[in-house]
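Peer 1: Here is a sequence together with a model predicted from it:
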There are 2 protein chains.
Amino acid sequence: MSATPSETLPLACRRHDHQSCIEGAITTAAKICQAKAVKLTPLRRQVLALVWQSHKPLGAYTLIDMLAAADTRRVAPPTVYRALEFLLEHRLIHRIDSLNAYIGCPDPGHHHHNYFLICLDCGIAAECPTQYLSPAIEAAATAAGFAISSQSVEIVGRCPACRKHADA
Amino acid sequence: MSATPSETLPLACRRHDHQSCIEGAITTAAKICQAKAVKLTPLRRQVLALVWQSHKPLGAYTLIDMLAAADTRRVAPPTVYRALEFLLEHRLIHRIDSLNAYIGCPDPGHHHHNYFLICLDCGIAAECPTQYLSPAIEAAATAAGFAISSQSVEIVGRCPACRKHADA
DNA sequence: TAGACTATGTTATTATATAACGTTTTTTAT
DNA sequence: ATAAAAAACGTTATATAATAACATAGTCTA
Ligand SMILES: [Zn+2]
Ligand SMILES: [Zn+2]
Ligand SMILES: [Zn+2]
Ligand SMILES: [Zn+2]
């Protein structure tokens, strides 16, 4: 395995202060919602925080269980799906189609696409920088005469950390 | 809209003799299965033919309904899912994660990835040539230190034919 | 404060997929 | 040819993901 400069390693794959991931995500979300004059209600905020509990995508029903564990109240599916819908609409989270799961967006301020690197060992999903992929996708669509409306890339493999373990 | 040379237009988007798509797919599948010494049973062949009824991805339960309509016998989900699993395993079909649906592979002989252009108007899904995307995806994964195991690109938009209608 | 609107609660249902086990058919080994 | 094994398919039940339809509560505005 060739070394990868640590600056290019996805944050999700590096040791980091994850608490500040969570706090930053909530703070940013609050700002964005305020700017848009939409409401980040307690429920929506709580679901966002739960989605951010790790860098692993979580399913809707897992979130329901987590809500139940946190609150001693069990919400029904529509409740959490509505919160997810809101968070998706305002691009605060992404949906990973191949996993039926949801993950926090680390950069909701800037419009970008659904590009993910997903580790089949540890389950983390890291957003994939746009620079390599976006031009290629546009070229492919243009060549075929398609007008792009949305796009998604899901690369499944083994993350740097898990590769190290596997090698050892 | 800029003109696209018709040679680069996906077959799915052009007028064509679709009967020969179906027949070609079955013939090729039969050859591949023979070469691998695996069995393209009547059920598997029938599911493959149904998947190929159009260039639109079909869900498993739609296939069950189509089997029922064709045969006056209704198979249970596991039956069709097993056939789909076989066809997926031998790369005779692809799964479109964003649609929970399945589509025939026009070139099962050559290993390639799950790259699709999907029309949100007419529903067709065209395989996307590898040349633009594959290097970009490899570059993105390498930069992040990921070892790729599988990859999928789903570009949703409007196909050339539907763009024409929309323009008119 | 009435009316409109938004958000959440509640119940039921739909859609997608798999587990577990039984039967039939095909293949392989004797 | 026949027994054992494997593969394919049938059947029932269930898991998992998502939404429809309607009720209630909170919020904003006129
Ligand atoms: Zn973090
Ligand atoms: Zn990993
Ligand atoms: Zn065709
Ligand atoms: Zn179309």
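Peer 2: Thanks, I have the structure now. Numbers count the residues shown, from 1 in each chain, chains lettered A, B, ... in the order given. Ligands and ions are numbered 1, 2, ... in the order given.

Peer 1: What residues are bridge-paired with residue A:151?
Peer 2: With DSSP bridges as the criterion, residue A:151 is bridged to residue B:155.

Peer 1: Quick check, it in contact with residue B:128.
Peer 2: No - if you go by CB atoms under 8 Å, residue A:151 and residue B:128 don't touch, sitting 10.7 Å apart. C-betas here are computed from N, CA, C, even on glycine.

Peer 1: More neighbours: which of those two?
Peer 2: residue B:128 (25 against 21; other CB atoms under 10 Å in any protein chain shown).

Peer 1: Could you check stretch A:122-134 and say which residues are buried?
Peer 2: A:122-130, A:132-134 (16 or more other CB atoms under 10 Å in any protein chain shown).

Peer 1: Stretch A:109-125 now?
Peer 2: For stretch A:109-125, the buried set under the neighbour-count rule, 16+ other CB under 10 Å, comprises A:112-119, A:122-125.

Peer 1: and if you look at stretch A:17-30?
Peer 2: Under the neighbour-count criterion of 16+ other CB under 10 Å, stretch A:17-30 has A:21-22, A:25-26, A:28-29 buried.

Peer 1: same question, stretch A:63-80
Peer 2: Under the neighbour-count criterion of 16+ other CB under 10 Å, stretch A:63-80 has A:63-64, A:66-67, A:75, A:80 buried.

Peer 1: Just flag the most distant two among these.
Peer 2: Taking every pair in the buried residues of stretch A:63-80 and measuring CB to CB, the maximum separation is 10.6 Å, between A:66 and A:75.

Peer 1: Any chance of CSV for the buried residues of stretch A:122-134, columns distance to residue B:8 and secondary structure?
Peer 2: As requested, these are exported to CSV (distance: CB to CB, whole Å; DSSP: H, G, I helix; E, B strand; the rest coil):
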residue, distance to residue B:8, secondary structure
A:122, 40, coil
A:123, 39, coil
A:124, 38, coil
A:125, 33, strand
A:126, 33, strand
A:127, 31, strand
A:128, 27, coil
A:129, 28, coil
A:130, 25, helix
A:132, 22, helix
A:133, 20, helix
A:134, 20, helix
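
Peer 1: you'd agree residue A:148 is in a helix?
Peer 2: No - according to DSSP: H, G, I helix; E, B strand; the rest coil, the state of residue A:148 is strand, so it is not within a helix.

Peer 1: Please report the number of neighbouring residues for it.
Peer 2: 16.

Peer 1: all strands of chain A, in order?
Peer 2: A:93-96, A:101-104, A:114-119, A:125-127, A:147-158 (DSSP state E).

Peer 1: tilt between the third one and strand B:147-158?
Peer 2: So that's strand A:114-119. If you take axes from the mean of the first three to the mean of the last three CA atoms, to 10 degrees, strand A:114-119 sits at 160 degrees to strand B:147-158.

Peer 1: what about residue A:49, neighbour count?
Peer 2: By other CB under 10 Å, the residues close to residue A:49 number 17.

Peer 1: Go ahead and confirm it touches residue A:24.
Peer 2: No - counting by CB under 8 Å, residue A:49 does not reach residue A:24; the two are 11.6 Å apart.

Peer 1: hmm, back to that, return only those of the buried residues of stretch A:109-125 found close to ligand 2.
Peer 2: A:119, A:122 (CB under 5 Å from the ion).

Peer 1: Include pLDDT and distance to DNA strand C when you put the buried residues of stretch A:109-125 into JSON lines, please.
Peer 2: JSON lines is the format used below for the buried residues of stretch A:109-125 (pLDDT from 0 to 100; distance: CB to the nearest atom of the strand, whole Å):
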{"residue": "A:112", "pLDDT": "91", "distance to DNA strand C": "24"}
{"residue": "A:113", "pLDDT": "94", "distance to DNA strand C": "23"}
{"residue": "A:114", "pLDDT": "95", "distance to DNA strand C": "18"}
{"residue": "A:115", "pLDDT": "96", "distance to DNA strand C": "22"}
{"residue": "A:116", "pLDDT": "97", "distance to DNA strand C": "19"}
{"residue": "A:117", "pLDDT": "97", "distance to DNA strand C": "22"}
{"residue": "A:118", "pLDDT": "97", "distance to DNA strand C": "17"}
{"residue": "A:119", "pLDDT": "96", "distance to DNA strand C": "20"}
{"residue": "A:122", "pLDDT": "93", "distance to DNA strand C": "21"}
{"residue": "A:123", "pLDDT": "95", "distance to DNA strand C": "17"}
{"residue": "A:124", "pLDDT": "96", "distance to DNA strand C": "22"}
{"residue": "A:125", "pLDDT": "97", "distance to DNA strand C": "19"}
